[in-house]
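> Structure of the sequence below:
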Amino acid sequence: MIDYSKFKKSLQQLQRQHANFLSLSGRTQLNDLDKEGIAESVIQRFEICYDCTWKIIKRHLNEKLGLPDAPNSPKPIFRIAADNQLLNNSESQWLIYADARIQTAHDYDGLKAASTLELMPAFIADAVTLYVTLTGEPWV
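You can find the predicted model right below:
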């Protein structure tokens, strides 16, 4: 049996921190360093959730669909998941998330982080749909 709890927890934490980030404009008591820290936390939670996502898909492919030779790399996993109708949208959107994840690990000027933050509403929605697809449970 696959334990989806780590994926669920990472997604819930990303959702909460992203909501916190979206509320920054109305929180005048925070200084720029605090706001930057919240933005960086969203990126870090995205990285964790993204990593949980492709790894849980790999386990699902292996244990539920009987594909024991699934590669140990995100992009091929997303391609196989798309081929098996596990993704609610095109594989290309998940490859955009993969590229964002790679870029955040090497972003030293903040520009890539800003573009990654713009992806968060779509990533969260897609990850929630994926969770529901994989588990058959409603999202709460």
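
> Checking the spatially most central residue of the chain next. Helix, strand or coil?
Nearest residue to the geometric centre of the chain (Cα atoms, centre = their mean): residue 50, 3.5 Å. Per DSSP: H, G, I helix; E, B strand; the rest coil, the local secondary structure of residue 50 is helix.

> Now do the same contact list for it.
Taking Cβ atoms under 8 Å, 6 or more residues apart in numbering, we find residue 50 in contact with 74, 97, 98, 101, 123. Glycine gets a C-beta too; all of them are placed from N, C-alpha and C.

> avg pLDDT for the helix or strand containing the third one?
Using DSSP states H and E, residue 98 maps to helix 91-104. Confidence for helix 91-104, expressed as mean pLDDT, is 92.

> ok, now stretch 25-43?
92.

> correct me, but residue 30 touches residue 24?
Yes - taking contacts as Cβ atoms under 8 Å, residue 30 lies within contact range of residue 24: 6.7 Å.

> Overlap in contacts, the two.
Residues touching both residue 30 and residue 24 (Cβ under 8 Å, 6+ apart): residue 38.

> Mind listing residues that contact the host helix or strand of residue 16?
Following DSSP H and E, the helix or strand that holds residue 16 is helix 5-22. Helix 5-22 is touched from outside by 38-39, 41-42, 45-46, 48-49, 52-53, 56, 117, 120-121, 124, 127-128, 131, with contacts defined as Cβ under 8 Å, 6+ apart.

> just stretch 61-77 next, same as before
2, 50, 54, 57, 58, 80, 81, 84, 95, 98, 101.

> how near is the closest residue to the third one other than its chain neighbours to residue 29?
When you say that, I think you mean residue 54. Leaving aside its sequence neighbours, residue 54 sits nearest to residue 74 (Cβ to Cβ, 6 or more residues apart in numbering; 4.0 Å). Separation of residue 74 from residue 29 (Cβ to Cβ, to the nearest Å): 39 Å.
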